[in-house]
Every structure is written in structure tokens, then in C-alpha cells.
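Chemist: here you go, sequence then predicted model.
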Amino acid sequence: MKTKKRAVNFFRYFFLSLGGIIILYPLSILVITAFKTQKDYMMSAVKLPEKWMFSNLTTVLETADIGQAFFNSLLIVTVSVILQIFFGALTAYALTKMNFEKSGKYTIAFLFPMIFPIQSFVIPLYLIYSSVGLLDTKSGLILIYIATGLPLVIFMLTSFMKTVPVEISESARVEGANEFTIFFRLIVPLLQPVIATIIIISGLGIWNDFFMPLIMISDIDKKTLPLKIYDFMGQYTSNWPLICVCILFIIMPILIVYCIMQRYIIEGVAAGAVKG
């Protein structure tokens, strides 16, 4: 038994270590490249630089207006995720706790858009936005993210709310509480783990999105952080050290938020936040 247990532990730690190496290797190449000169990068992509170019950070900050792009991305992500959670939580509460007829069919209707990729309707969406004046606006992007993110948010919140005992809301109704009181004072405090999970999953997708801002945004002052990578890409050559610095600016906020909210995310997964 001890030999079998040691063998299981060996293979467990071996595959975990292998997975860690697979994840950390490209990240280490990214960090090394970010502090190289273009000449060092052309000589070797994996070799340590002869001189660490920390000035690449200031170069990117000064030439690409990272601060404005960071603010744009942060504003779009914050407003989009907050409204996704707000509308998604109200919908999930109605579907699971208010016991109206055909709630199951409504649930399927809300989840049905998940099967369509956003690329399949980007052309009509672009034409509609162009005709109503939402093209090249932050509010237009926010509306897209809310609409495309709501099905997943509703799915996660509905799955979680089904685990909340119905006796909680029923006893509150007996005491005279209305639906809004039950929702905001009893249900919402229980949603912290799944909300943290949504913030990471949905926020990460919006923060890293390159496709929709590229299509919908052309104003330099309204561009999001991922679009700033284009500032260092040319037709025939690209400055990859500066591009890697831009990528570092993109991934660092997400890593910080994930580390802060990791405990809630684990609780949300364990409680069934991402179960069907």
C-alpha cells in the first residue's frame, strides 16, 4: 500500500510540475524579451539579454499612451461586469425563486445565445451601430459585452441559486418582506463566491478582448489596452520587446485581481458555481 501511495504521489507531483513548467516557460520568455533590445531579440529569443533594458517600460508608457488605454479598459470592464452581475442576478432570482410558469423554457431561451460566436453577427452589428451612432463609443462596446456575457452569467447564477434553500425566501415572505428586500438582503450576500468567479471569468474575457474593440473603435483616445500592441507592429517588422512590455501591462492587473479573489473563486467552484 505504501509503495502504491508513493507511486501515485510521484506521478501526481510529476504531472503538476510538468504543467507548471509548460505554463511558466512562455511567461518567462515574455518577461525576458520585454527587457531586451531589438538586436538581442533578433539574435536569440530565449537567451538572456546582455543588458537589461528597463527603459523599455518608460518607452512604452510615453509613446503608446498606456495610461489612457488602461483607463478605457478598466472603465469598460468595470461597468460591463457590474451590469452583467446586476441583470444576471435579477434574472436568476426570478427563474429560481419566484416560481412562475414555464421558467424552464425561459432559462433555455436565455442560454440559447451561448451557442453562437460573436463573429457570426459582427457585420450586422457593425451596420446597426453605424446607423444609430454607437460606433466608436465606449458605451457601444459596453452594450455588446453585457449582451454577449449575460447568458453565461445567468447560467452560473442560476446554478448557484438552485443550491440556496427555498425556505430562506419563503420565511422572509411570511415575515412580510417583499421580493426586493429578499433579493438584496438575503440572496445577494450569499452570492459572493459566484460573483468573484464571474468577475474573473467575464472580466478576463473583456479585458483581453482584441476583436470587438478592433472592429468598433477607431478613435485613438478610446482604444483599449490590447489594441496598443498594434502601435509597435509594422508592415515588415515589429518591435517585439516593446510588444512584450505591452502584454505585461495587460496581464499584470488580471494576475493581481486573481490573487486577491482566489479564495472566493475556489469557494464559488466548490459550491457549484460552474456546474450545469
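Modeler: Thanks, I have it.
Chemist: ok, the closest residue to residue 162 other than its chain neighbours - how many residues close by?
Modeler: Excluding the flanking residues, the one nearest residue 162 by CB to CB, 6 or more residues apart in numbering is residue 96, at 5.5 Å. Glycine gets a C-beta too; all of them are placed from N, C-alpha and C. Taking other CB atoms under 10 Å as the criterion, the count of residues near residue 96 is 21.
Chemist: and if you look at residue 220?
Modeler: 12.
Chemist: any idea how far residue 224 is from the closest residue to residue 226 other than its chain neighbours?
Modeler: Counting by CB to CB, 6+ apart, residue 226 lies nearest to residue 210, which is 4.4 Å off, once chain neighbours are set aside. For residue 210, the distance to residue 224 equals 8 Å [CB to CB, to the nearest Å].
Chemist: ok, the residue nearest to residue 162 touching residue 158?
Modeler: Yes: Residue 96 lies in contact with residue 158 (CB atoms under 8 Å); the separation is 5.9 Å.
Chemist: quick one: the helices in the protein?
Modeler: 2-34, 38-43, 55-63, 66-97, 103-111, 122-132, 138-161, 166-174, 179-181, 192-208, 211-216, 240-270 (DSSP state H).
Chemist: show me which residues of the first one are buried.
Modeler: In other words, helix 2-34. 32-34 (16 or more other CB atoms under 10 Å).
Chemist: ditto for stretch 81-92
Modeler: 81, 83-85, 88-89, 91-92.
Chemist: likewise for stretch 34-54?
Modeler: For stretch 34-54, using 16+ other CB under 10 Å, the buried residues are 34-37, 40-41, 49, 53.
Chemist: how about stretch 193-208?
Modeler: 193-203, 205-207.
Chemist: between those, which is nearest residue 261?
Modeler: Of all the buried residues of stretch 193-208, residue 261 sits closest to residue 196, with 4.6 Å by CB to CB.
Chemist: chain center to stretch 249-265: distance?
Modeler: Stretch 249-265 has its C-alpha centroid displaced from the chain centroid by 10 Å (CA atoms, centre = their mean, to the nearest Å).
Chemist: now it: average pLDDT?
Modeler: For stretch 249-265, mean pLDDT rounds to 80.
Chemist: before we move on, what about stretch 113-132?
Modeler: Stretch 113-132 comes out at a mean pLDDT of 87.
Chemist: which one of the buried residues of stretch 81-92 is nearest residue 220?
Modeler: residue 81 (25.0 Å).
Chemist: my read: that closest one touches residue 198, true?
Modeler: Yes: here residue 81 reaches residue 198: they are 7.1 Å apart, a contact under CB under 8 Å.
Chemist: can you tell me which residues contact residue 56?
Modeler: 34-35, 241-242, 245 (CB atoms under 8 Å, 6 or more residues apart in numbering).
Chemist: hang on, the earlier thing: what would the helices of the chain look like in TSV with distance to residue 230?
Modeler: What follows is the helices of the chain, written out as TSV (distance: least, CB to CB, whole Å):
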stretch	distance to residue 230
helix 2-34	17
helix 38-43	17
helix 55-63	13
helix 66-97	11
helix 103-111	35
helix 122-132	18
helix 138-161	17
helix 166-174	50
helix 179-181	46
helix 192-208	15
helix 211-216	8
helix 240-270	9
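Chemist: which of those helices comes out lowest on mean pLDDT?
Modeler: helix 103-111 (a mean of 72).
Chemist: what's the angle from that helix to helix 138-161?
Modeler: 140 degrees (axes from the mean of the first three to the mean of the last three CA atoms, to 10 degrees).
Chemist: so which bits of helix 103-111 are buried?
Modeler: Quick answer for helix 103-111 (16+ other CB under 10 Å): 107, 110.
Chemist: CA atoms of it as PDB?
Modeler: The C-alpha trace of helix 103-111 is given here as PDB (Å, rounded to 0.1, in the frame of the first residue of the first chain):
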ATOM      1  CA  SER A 103     -39.400  29.200 -16.000                       C
ATOM      2  CA  GLY A 104     -37.500  26.200 -17.500                       C
ATOM      3  CA  LYS A 105     -38.300  27.400 -21.100                       C
ATOM      4  CA  TYR A 106     -37.200  30.900 -20.200                       C
ATOM      5  CA  THR A 107     -34.000  29.500 -18.800                       C
ATOM      6  CA  ILE A 108     -33.300  27.700 -22.100                       C
ATOM      7  CA  ALA A 109     -34.100  30.900 -24.100                       C
ATOM      8  CA  PHE A 110     -31.600  32.900 -22.100                       C
ATOM      9  CA  LEU A 111     -28.900  30.200 -22.500                       C
END
